[in-house]
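whatever this is, show me its structure:
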Amino acid sequence: MAPPDPDKDVPAGQPGNYSLRISPTTIDKLGVKLYDKVSAVVAELVANAYDADAEKVTVNVPLGTALASNDPSTKQVVEPVTPWTIEVIDNGHGMTPGEARRFFLDIGLDRREDPKQGPLSREKHRPVMGRKGIGKLSPFGVCKVIEVLSSGGEKSEDGYYTTHFFLNYDDIMSAGSGDNESRGAGVPLKAGDQDGAYHPSRGTTIRLSAFLAKRVPDKETFKRQLERRFALADSRFDVAVHDQRGKEKDFDVGKFDVPIETSTRIDLEDRPVQLEDGTELPVRGEVGMATVSYRNEEMAGVRIYARGKIVGTTRDFDQPAGFTGEFAARSYLVGYVHANWLDDDDGDDLVRTDRQDILWSSEYGEALRAWGADLIKEVGRKSRGPRQKKARAEFMKKSDFETRAEERFTDKVVVDTAVDLAKQIGSFASEDELEDPEYIEQLVEVIMSVAPHRALMVAFQEFTSEVAGEDVELEGLADLFGKTHVAEMASYSQIASERVRAIAELQVALSSVKPAAEDRLQEILAKAPYLIEPTWSVITKNQYLSTFKTMFETEWAQANPGETVELTIEYSGKRPDFVLAYIGRKLHIVEIKAPTHKFGNADFDRMARYVRAFRAFEARHSELIESFPGGWQIDLVADSVNISDPDKAESFERFSEQGEVCQVSWAVFLSRARTAHEEFLKVYETARARAGK
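Numbers count the residues shown, from 1 in each chain. Sure thing, here's the model as predicted:
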């Protein structure tokens, strides 16, 4: 049965009398604020065409083109010399002027509850996608003028009755004051020159113009963006895109497909979502891990559809961070879920206004979250093996590890151990990281450094078994010693590389046009105290240093209310007053000054206080200081000393003579560090030469 003729239901039913019954503030919130992509706007217009029983929709759009730009000098939107338009043309049942006023221009009307429209389309009885009645405002997110040209109603001898009018954003906003703010008064709209005429065919054309500073993406991106928004099974609905520039061939909007690793695919047909009361909510679709990690925004995550239109996308089904398999899920989980109950005619509205997500806090949302959590775990279990196998093969191929291991080591057992270790570690590398050559090189070096030690451990285990069986052979002992030597050399090379890196870092910090500040130099020395003296050990006396640090800082604060002193053993991100190190049986307390800084009277006053404090601390805690047989010494790294006060200068000299303070310039400090590490430099260069770098 045909719906009542709205022309007879609406007062002032003559063509040309159009008004928009909505607050301009609402237009701003529902159009400009919610939709900022051309593809999202076009998708809303395509959905309206579907609800209007269209079988064919044509989208005319300039692909890969800036619709307008911002002028930085005036902050105004500038359109190109020949302004573009975007058109969405359908062959649906169209609208007459009365229908436009009754249905199209009454914004916010829930069409499913309207007895003159209902939840099914007029002729084909499709479950309609629209509900809130606001999708028609979406173009205001990208443009300022929406032209509506539509022909519909009963066919007469002259054709189909036509409505033609314009929605102008600026006019609507400027009229939004006084009585026009009310829905009853409405905002007058301009009628077009074809309004009230008759057309030989029915259908609707929506034409957009006067664009904001937006861009239409390239063909492939625009195609993906449109396709992911729909998942229709209706074979009588086709959408074709035409490039207004004429540079791309026309294409149809088809099914959006992301390849899934077969072994991880899960069919959802027999996996309903269950409510707490046991009610089962049917779903269909599939999920799994993509064959490759996300390459673009559109392929990311699981798409959720209701009535054939997207209502949300999720990478984790709203799980809190830290769940098992989180990394893989957020990088590989793909698929689609059809859940029409999220948009039931009689149920609560669970879809966000911009159709980018659902209300997870609802009863249905909570059930979907719990269902999704179990799904992620299962997909994760299924995908673990295939993903690791793929990553392992990729790492071994891109690093050419076997060849490099054979070049690095002469012992076949060490080579085999290195290759085996590379396969294990490579299995856990992420696909994205394996695209980075620097990451691969770093991983190779780590494995090459560890492999000799692992081979040594295996040799020890085998040797222990031989000893237990009292069947020890000289060859076995020689093999053990050989692997010990290889492991030692690998460790020495690694240490050399690290120390050379620290020297280079310090040299750059000192030789730059603007020398590094004190806190940067403090950071370098705190991280690499062996620059102060190569005999420094990372493990020796660390507990004593920690005890000294804690006790001295506490007693200083008690003796000097309101003042604190910061000692550090390892760099912690803070700028310390001193760096502590146990070197050559002596406690070294290192203070540095920025390059070119002249150590003057004020600096001396501060240091003198600390010298006296360290003396007093030594007297009170002789047992702790005995842990450092060589005593203590303040290492002052400063380019020059310029103490003008004679008494202070004499005191500083006395501190130096007594071995309490030792001052060196940065040039001397760097030279001494390089000289002390010459052997490390040689080993480092040898290792680089072997690696062919």
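
A strand includes Lys155, no?
Yes. Assessed with DSSP: H, G, I helix; E, B strand; the rest coil, Lys155 lies in a strand.

that one: what's it in contact with?
Neighbouring residues of Lys155 by Cβ atoms under 8 Å, 6 or more residues apart in numbering: Arg202. Yep, even glycine has a C-beta here, placed from its N, CA and C like the rest.

Leu232 and Trp341, how far apart?
From Leu232 across to Trp341, the span is 18 Å (Cβ to Cβ, to the nearest Å).

burial count for Glu402?
Around Glu402 there are 15 other residues, counting by other Cβ atoms under 10 Å.

hmm, I was thinking of Asp519
Neighbour count for Asp519, taken as other Cβ under 10 Å: 13.

then the one 5 residues further on?
The criterion is other Cβ under 10 Å. On that basis, Ile524 has 20 neighbouring residues.

just Ala649 next, same as before
Ala649 has 15 nearby residues by other Cβ under 10 Å.

now Glu123
11.

just use 11 as the starting number from now, easier for me
All set: I'll call the first residue 11, so the last point we hit is now Glu133.

ignoring the adjacent residues along the chain, who's closest to it?
Leaving aside its chain neighbours, Glu133 sits nearest to Asp63 (4.6 Å; criterion: Cβ to Cβ, 6 or more residues apart in numbering).

next structured bit after the helix or strand of the chain with the lowest mean pLDDT?
Least confident helix or strand, the chain: helix 16-19 with a mean of 48, by mean pLDDT, DSSP states H and E. Sequence-wise, the next helix or strand downstream of helix 16-19 (DSSP states H and E) is strand 29-30.

in its sheet, what does that following strand sit against?
As defined by DSSP bridges, the strand partners of strand 29-30 come to strand 197-198 (antiparallel).

run through the stretch 511-660 of the chain and note the low-pLDDT ranges.
522-523, 525-526, 539-540, 542-553, 580-586, 593-594 (pLDDT under 70).

isn't Phe247 up against Glu65?
Yes. Phe247 lies in contact with Glu65 (Cβ atoms under 8 Å); the separation is 6.1 Å.

so between these two, which is more surrounded?
Phe247 (21 against 15).

residues contacting the more buried one?
Contacts of Phe247 (Cβ under 8 Å, 6+ apart): 60, 64-65, 67.

equivalent analysis for Ile457, please.
Counted by Cβ under 8 Å, 6+ apart, Ile457 has contacts 411, 428, 431-432, 435.

spatially nearest residue to Arg325 (excluding sequence neighbours)?
Per Cβ to Cβ, 6+ apart, closest to Arg325 is Gly311, 4.2 Å.

which ones are touching the one you found?
323-325, 343-344.

what about 6 Å?
Residues near Gly311 by Cβ atoms under 6 Å, 6 or more residues apart in numbering: 323-325.

what does Ser372 give?
Per Cβ under 6 Å, 6+ apart, neighbours of Ser372: Leu360.

measure it to Leu352 for me?
9 Å.

what touches both of the two?
Taking Cβ under 6 Å, 6+ apart as the criterion, Ser372 and Leu352 both touch Leu360.

bridging residues for Pro198?
Bridge pairing for Pro198 - DSSP bridges - gives Ser29.

wait, it touches Ser29, no?
Yes. Using Cβ atoms under 6 Å, Pro198 and Ser29 qualify as a contacting pair, with a distance of 5.3 Å.

returning to what we had before: filter the contacts of Ile457 down to the ones in helices?
Members of the contacts of Ile457 lying in helices (criterion: DSSP state H): 411, 428, 431-432, 435.

between the residues you listed, which sits nearest Val87?
Val87 has its nearest neighbour among the ones in helices among the contacts of Ile457 in Ile435, at 53.2 Å by Cβ to Cβ.

let's see the pLDDT reported for the closest residue to that closest one other than its chain neighbours.
Leaving aside its sequence neighbours, Ile435 sits nearest to Ile457 (Cβ to Cβ, 6+ apart; 5.9 Å). Note on Ile457: pLDDT of 83.

how near is Ile457 to Lys433?
Counting by Cβ to Cβ, the gap from Ile457 to Lys433 is 10 Å.

and Pro90, by the same measure?
As for Pro90, its distance to Lys433 is 56 Å (criterion: Cβ to Cβ).

more crowded one of the two?
Lys433 (18 against 13).

just to revisit the earlier point, list buried residues within the contacts of Phe247.
Neighbour-count burial (16 or more other Cβ atoms under 10 Å) applied to these gives 60, 64, 67.

burial measure for Gly610, as a count.
If you count neighbours by other Cβ under 10 Å, Gly610 ends up with 16.

and it, how far is that from Arg619?
15 Å.

how near is Glu565 to Glu670?
Per Cβ to Cβ, Glu565 is found 19 Å from Glu670.

cool, and Gly202?
According to Cβ to Cβ, Gly202 and Glu670 sit 94 Å apart.

residues contacting the closest residue to Gln235 other than its chain neighbours?
Counting by Cβ to Cβ, 6+ apart, Gln235 lies nearest to Ser49, which is 3.5 Å off, once chain neighbours are set aside. The contact partners of Ser49, by Cβ under 6 Å, 6+ apart, come to 232, 235-236.

mind doing that once more with 10 Å?
69, 71, 152, 226-227, 231-239, 308 (Cβ atoms under 10 Å, 6 or more residues apart in numbering).

likewise Leu352?
Leu352 touches 283, 291, 293, 314-317, 321-322, 358-361, 368-369, 372, 374-375, 378, counting by Cβ under 10 Å, 6+ apart.

filter these down to the buried ones.
For the contacts of Leu352, buried by 16+ other Cβ under 10 Å: 283, 291, 293, 314-317, 321-322, 360-361, 368-369, 374-375, 378.

excluding its backbone neighbours, what's nearest Phe316?
Wrong residue type there; residue 316 is Ala, not Phe. Asp353 (3.7 Å).
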